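Peer 1: my questions concern the predicted model and sequence given below.
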Amino acid sequence: MSHPTPVTISVPATTANIGPGFDCLGAALTLYNQFTFTELESDAEPLIITAHGEESARVQTDARNLVYQAFCRFYETLGQPVPAVKIGIRLGVPLARGLGSSATAIVGGLVGANAIAGFPVNRHDVLDMAIAIEGHPDNVVPALLGGCQLSASSSDGNWEICDIPWKTSITPIVAIPNFELSTAEARRVLPETYSRADAIFNIAHLSLLIRGLDTGNAAWLQSALQDRIHQPYRQTLIPGYAEVQAVAKEAGAYGLVISGAGPTLLALADVDQAEPVRNAIAAAWSNQGIATVVKVLQIDHQGATAQY
């Protein structure tokens, strides 16, 4: 049974990896894309897409649109015909900046389809669909569920999802530069193999990060945000990375890491240090001649929501 439309799905931006949690740890942020779905008459044009907001001119408005592809995948999985639909997109998450814009599209398309269909599929199965489309869980899981989420494959080939407590005083600050870095490019610079020492290093620091996020222990957080799997290679693609990291720490941040594949950088700081850290990062990148938007955000704990 279909549900009356329109329905608006709000999906948060996400920051993945958070230092040592490469491809398995991600958190939802208070920055959103919204997708409004209106089911059309069966004899209408099968697809209408409109986009509004910053960078909306770059959004594909045909069947190649990722929101629509996820929407179609939902109905194909159920073995049902895809209904004619109008999709209105309002962008609040910058594209190709390492803030999970593609995850918002995938989750938005799946949750919108589920809503129009009358919610025949539970959230766990929607999550499996999202991971299958994205290819890795670290963005789509927190985009759907909210909070900070750790994803690990289980022995039966499914996923175990673990909600990671995040002390409210730990504040995420995102620095979004005016240049892009594709995930494909950021993955190309990674090595095929790693040493045992590097594997042990990341296991230890991810474990410490999980405890640090829960307790707010400053010394643990300062150590835990180190990584040897992706950041040493990807930081070469981000002009001014070392300088921005240094000034963020000097201003009181626990540390600064690459958000997802980049080029957005994520600093974590105590709430009382958030504004000084924000100002220091903005000034440092400005000195590099790079225009940057720096935002003090919070962790989103709702994930994707539907509103009629």
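Peer 2: Happy to help now that I have it.

Peer 1: rank the helices and strands of the protein by mean pLDDT and give me the bottom one.
Peer 2: helix 183-188 (a mean of 80; mean pLDDT, DSSP states H and E).

Peer 1: got the contact list for it?
Peer 2: With Cβ atoms under 8 Å, 6 or more residues apart in numbering as the test, helix 183-188 has contacts from 102, 230, 234, 237, 260-262. The C-beta positions use only the backbone N, C-alpha and C, and glycine is treated the same way.

Peer 1: how far off centre is it?
Peer 2: 16 Å (Cα atoms, centre = their mean, to the nearest Å).

Peer 1: show me which positions of that helix end up buried.
Peer 2: Neighbour counts over helix 183-188 (16 or more other Cβ atoms under 10 Å) mark 183, 186 as buried.

Peer 1: can you offset everything so residue one is 18?
Peer 2: From this message on, residue numbering opens at 18, which makes the last subject helix 200-205.

Peer 1: run a quick neighbour tally on residue 75.
Peer 2: 10 (other Cβ atoms under 10 Å).

Peer 1: just the CA coordinates of the longest strand along the chain, formatted as CSV?
Peer 2: Longest strand of the chain, by residue count under DSSP state E: strand 42-56. The C-alpha coordinates for strand 42-56 follow below in CSV (Å, rounded to 0.1, in the frame of the first residue of the first chain):
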residue,chain,number,x,y,z
LEU,A,42,33.9,4.4,11.3
GLY,A,43,31.7,7.4,10.6
ALA,A,44,29.6,10.0,12.3
ALA,A,45,26.5,12.0,11.2
LEU,A,46,26.8,15.8,11.4
THR,A,47,24.2,18.6,11.7
LEU,A,48,24.4,19.5,8.0
TYR,A,49,21.6,18.2,5.7
ASN,A,50,20.4,17.4,2.2
GLN,A,51,16.6,17.2,1.7
PHE,A,52,14.8,15.2,-0.9
THR,A,53,11.1,15.6,-1.5
PHE,A,54,9.3,12.8,-3.4
THR,A,55,5.9,13.2,-5.0
GLU,A,56,4.4,10.2,-6.7
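
Peer 1: return the distance of that strand from the chain's centre.
Peer 2: With Cα atoms, centre = their mean, you get 10 Å for strand 42-56.

Peer 1: got the buried residues for the helix or strand following that strand?
Peer 2: Going down the chain from strand 42-56, the next helix or strand is strand 64-70, by DSSP states H and E. Within strand 64-70, the residues that count as buried by 16+ other Cβ under 10 Å are 64, 66, 68.
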